[in-house]
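# the following comprises the amino acid sequence and a computationally predicted model.
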Amino acid sequence: MASAMKIVFGLLTFVTVGMILGALFQLSFIHKLEDSYGTKFPSLHKFQNDGYLQLPKGIPHWDNDREAEILRLGHECDYLRATALPRLQISTVVDTKTGKGIKSSVRTSSGMFLSSEEKKRPMIQAIEKRISVYSQVPIENGELIQVLRYEKSQFYKPHHDYFSDTFNLKRGGQRVATMLMYLSDNVEGGETYFPMAGSGECNCGGKVVKGLSVKPIKGDAVLFWSMGLDGQSDPNSLHGGCEVLSGEKWSATKWMRQSTTS
């Protein structure tokens with residue numbers, strides 16, 4: 001009996017040690033993965049189990065990483081703004097019948113898309129890779145980054161990012177997720193607003209409304225999903241850009257598709 005107990009105890013000890021070593025290995029792997037992509041954002045915060053994720057500011061922790069060196073000075077926000085400024089045009093929305101962009105009163109910002117050649121630049125490649133790590137969506141499934149500027153009194157009424165037409169589904173399928181990056185500080189208003197997220201109240205362009213909003217802070221980003229795990233479009237992903245009360249709100253948007261866009 002005593003001999004059997006010793007054997008059982010030995011096996012339990014072996015399994016326990018194995019589990020501890022396995023957990024330590026996983027933590028080490030995750031830490032190295034984050035370091036290797038030069039992330040500024042050490043953690044994710046989930047809002048009330050709604051599936052909307054904000055990536056808050058953090059302290060960089062990069063060591064001997066080429067891609068991280070490119071982003072280390074934190075100039076990626078200014079870089080995107082400077083690249084976009086000469087080519088800004090009045091923003092459009094997708095026509096549900098033709099799938100083409102048309103001007104609309106529901107969206108009053110100005111913006112542009114980076115070109116395929118600009119996507120090859122080291123700074124853009126580093127940003128794209130960091131987005132891929134956080135979203136867990138391959139880089140090749142992403143659309144070209146769009147940079148937007150909202151001036152005083154400008155806004156984007158609540159809308160969905162997934163397509164309601166068949167034209168845009170031909171290349172890459174449906175939009176799965178959106179990474180929205182804030183590129184400027186000192187903005188009053190201009191929150192990203194999710195009217196169907198949660199049951200509380202929030203600020204939106206100086207007004208108190210139901211839902212959840214995220215204030216624009218330079219270097220922060222918001223990741224949210226337009227499709228559920230069942231492959232169906234999620235109407236709860238409804239969101240909008242609140243009216244800017246003062247300052248200029250700059251943002252960059254990366255849409256991810258079901259399959260490769262190239």
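Received the coordinates, thanks.
# so what's the residue count around the residue lying closest to Arg171 once chain neighbours are set aside?
Leaving out its chain neighbours, the residue that sits closest to Arg171 by C-beta to C-beta, 6 or more residues apart in numbering is Thr261, at 5.8 Å. Using the backbone N, CA and C atoms, a C-beta is placed for each residue, glycine as well. Neighbourhood size, Thr261 [other C-beta atoms under 10 Å]: 16.
# my guess is Lys119 meets Gln125, correct?
Yes. If you go by C-beta atoms under 8 Å, Lys119 and Gln125 touch, sitting 7.4 Å apart.
# contacts only, for the residue nearest to Arg171.
Residues near Thr261 by C-beta atoms under 8 Å, 6 or more residues apart in numbering: Glu140, Asn141, Gly142, Glu143, Arg171, Gly172.
# can I get these in CSV with pLDDT and secondary structure?
As requested, the contacts of Thr261 are exported to CSV (pLDDT from 0 to 100; DSSP: H, G, I helix; E, B strand; the rest coil):
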residue, pLDDT, secondary structure
Glu140, 95, helix
Asn141, 95, helix
Gly142, 95, strand
Glu143, 96, coil
Arg171, 83, coil
Gly172, 87, coil
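# out of the residues you listed, which are buried?
Asn141, Gly142, Glu143, Gly172 (16 or more other C-beta atoms under 10 Å).
# out of those, which comes closest to Arg130?
Gly142 (11.9 Å; C-beta to C-beta).
# any idea what that closest one is bridged to?
Going by DSSP bridges, Gly142 is paired in beta bridges with Met256.
# from what I see, it and Gln258 are in contact.
No. Between Gly142 and Gln258 there is no contact under C-beta under 8 Å: 11.5 Å.
# just the buried ones among the contacts of Thr261 now: which is nearest Leu85?
Using C-beta to C-beta, Glu143 comes nearest to Leu85 of the buried ones among the contacts of Thr261, at 20.7 Å.
# ok, the nearest residue to the closest one once chain neighbours are set aside - contacts?
Counting by C-beta to C-beta, 6+ apart, Glu143 lies nearest to Trp255, which is 4.5 Å off, once chain neighbours are set aside. Trp255 is in contact with Gly142, Glu143, Gln146, Asp161, Arg175, Ala177, Thr178, counting by C-beta under 8 Å, 6+ apart.
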